[in-house]
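Visitor: Predicted structure and sequence below. I'll ask about it afterward.
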Amino acid sequence: MRLVLTCVACAATLALAGPAGAQPRPDITAMSCAAAADLVARSGAAILTTGPITYGRFVRDSGFCTIEKATTPAYEQTRDDPRCFIGYRCVDPFSEGPGRP
């Protein structure tokens, strides 16, 4: 009986959270370089749409990565700059190597 009540409560919670999860990510290709860099700097970490079917997580500094990760500079295409520095990506220094895109 307790398990059934827990599952009903979980289903109700997921139903309420559904619409919030459907919100679109900011599209970096529609933003100016300054606006994209400012968004990452203000947020600390942000998941941004980078193309029609792609996205990425960008951070202000290594404090927004897990302890075993390093940062590498992130350059993305924005509305006004084909190679805009918007912040950093968290990478595994052993498998992805520091400095790799």
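Guide: Perfect, I can see it now.

Visitor: could you point out which element follows the helix or strand bottoming out on mean pLDDT in the chain?
Guide: When each helix and strand of the chain is scored by mean pLDDT, DSSP states H and E, helix 2-21 comes last, with a mean of 47. Using DSSP states H and E, the helix or strand that follows helix 2-21 in sequence is helix 33-43.

Visitor: List of residues touching that following helix?
Guide: Helix 33-43 is contacted from outside by 26, 28, 31, 46, 48, 58-60, 76, 78-81, 84-87, using Cβ atoms under 8 Å, 6 or more residues apart in numbering. All C-beta spots, glycine's among them, are computed from the backbone N, C-alpha and C.

Visitor: Can you check the pLDDT for the residue nearest to the spatial centre of the chain?
Guide: Central residue of the chain (Cα atoms, centre = their mean): residue 47, 1.9 Å from the mean position. pLDDT recorded at residue 47 is 96.

Visitor: where are the low-confidence patches of the chain?
Guide: Where the chain drops to pLDDT under 70, the residues are 1-22, 97-101.

Visitor: Could you list the buried residues of stretch 38-50?
Guide: For stretch 38-50, a neighbour-count test (16 or more other Cβ atoms under 10 Å) marks 39, 40, 43, 45, 46, 48, 49, 50 as buried.

Visitor: For residue 53, see how far away residue 63 is.
Guide: Per Cβ to Cβ, to the nearest Å, residue 63 is found 30 Å from residue 53.
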